[in-house]
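>>> Here is the input, now give the coordinates:
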Amino acid sequence: MSQVNVDTINEYNSAAGVTIDGLLIKDGAIPSISGGLSSAQQFRLTANVTSTGDITANWEVPDTENQGNMGSLVSESSGIFTFSETGFYFISFGAVHDVNPAGDATAEISIHLTNDNSTYTASAIGTFGGSQVRDAGFGNVSTIIDVTNTTNDKVKFNFIEYTGNTRIIGSTTANKTCVTFMKLGDT
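Residues are numbered from 1 along each chain as shown. You can find the predicted model right below:
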C-alpha cells in the first residue's frame with residue numbers, strides 16, 4: 001500500500017469538495033470524525049406490562065430479520081441499563097399502549113436516571129389515556145444524558161397506571177415497546 005504525505009489538500013473546485021474514504025468535506029467544514037456516533041442499540045419488551053412500577057423483566061435485543069445493533073456499549077440486567085463507556089447518549093423510550101375495557105383510564109411512561117447508582121429521578125415523562133374500548137396509540141419520550149461514571153450513571157424505565165385499565169404492549173417479533181440508546185460523542 002502506498003502512502004501520500006502532504007501538508008495541505010486544496011479543493012480543485014470549491015463547490016465540489018473533497019471526498020476521503022467516502023466522507024465529503026466541503027468549503028473547509030470538517031465533520032467530527034473522532035468521538036462521533038459509535039453505538040446505536042435497541043432493547044424491546046417481549047411481554048405486555050400491566051402493573052405499575054419499574055420495568056424489570058422481559059427485555060431482549062431485537063433479532064427479527066435484519067434488525068441489529070451497532071456496538072454494545074449498553075447492557076441490561078433486571079431492568080437496569082448500564083454503560084460501558086462514558087459519553088453523551090441519546091435515549092428514547094417508545095411504547096404502544098391501550099386501554100381496555102371502556103372507562104376513563106390514564107397512565108404514563110418515563111425514563112429515570114441515577115448518578116449515584118441508587119437514587120433515580122424521572123428525566124422524561126409522557127402520559128396517555130382514553131375512555132373508549134380499545135383506545136390505543138403510541139407514545140415516546142426522550143432525553144440526552146452525560147455519562148461521566150460507568151459505575152454510578154444508570155437508566156431504568158417506568159410505567160405507572162393512574163386510573164382504569166391500561167397497559168403497554170410487548171412483542172418478540174416487532175418493536176412495539178422499545179428503548180433506543182445512541183452514543184453521540186465523548187464527554
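
>>> what's stretch 114-125 in contact with?
Stretch 114-125 is contacted from outside by 91, 93, 108-113, 141-143, 145, 148-149, 151-156, 158, using CB atoms under 8 Å, 6 or more residues apart in numbering. C-beta: built from backbone N, CA, C; applies to glycine.

>>> Give me the buried entries from the residues you listed.
91, 93, 108-113, 141, 143, 145, 153-156, 158 (16 or more other CB atoms under 10 Å).

>>> Which two among the residues you listed are spaced furthest apart?
Spanning the widest gap among the buried ones among the contacts of stretch 114-125 are Glu108 and Asp153, at 23.2 Å by CB to CB.

>>> Can you check what pLDDT the model gives Val18?
Here, the pLDDT recorded for Val18 equals 70.

>>> Count the neighbours of it for me.
13 (other CB atoms under 10 Å).

>>> Enumerate the beta-bridge partners assigned to it.
Ile25 (DSSP bridges).

>>> I'd say it and Thr8 touch.
No. With contact defined as CB atoms under 8 Å, Val18 does not reach Thr8; the gap is 11.3 Å.

>>> Asn175: what's it in contact with?
If you count contacts by CB under 8 Å, 6+ apart, then Asn175 has 42, 44, 62, 67, 94 around it.

>>> One more pass at 7 Å, please.
42, 44, 62 (CB atoms under 7 Å, 6 or more residues apart in numbering).

>>> For those, give me TSV that also has neighbour count and secondary structure.
TSV is the format used below for these (neighbours: other CB atoms under 10 Å; DSSP: H, G, I helix; E, B strand; the rest coil):
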residue	neighbour count	secondary structure
Gln42	19	strand
Arg44	24	strand
Pro62	18	coil
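
>>> Of those, which is the nearest to Ser2?
Once CB to CB is applied, the member of the contacts of Asn175 that ends up nearest Ser2 is Gln42, at 41.0 Å.

>>> how near is the closest one to Gly94?
For Gln42, the distance to Gly94 equals 10 Å [CB to CB, to the nearest Å].

>>> So which of the contacts of Asn175 is the closest to Ser131?
Looking across the contacts of Asn175 and measuring by CB to CB, the closest to Ser131 is Arg44, at 28.5 Å.

>>> Setting aside sequence neighbours, what's the nearest residue to the closest one?
Cys178 (3.9 Å; CB to CB, 6 or more residues apart in numbering).

>>> same deal with Asn158?
If the residues on either side of it in the chain are set aside, Asn158 comes closest to Ser110, at 4.7 Å by CB to CB, 6+ apart.
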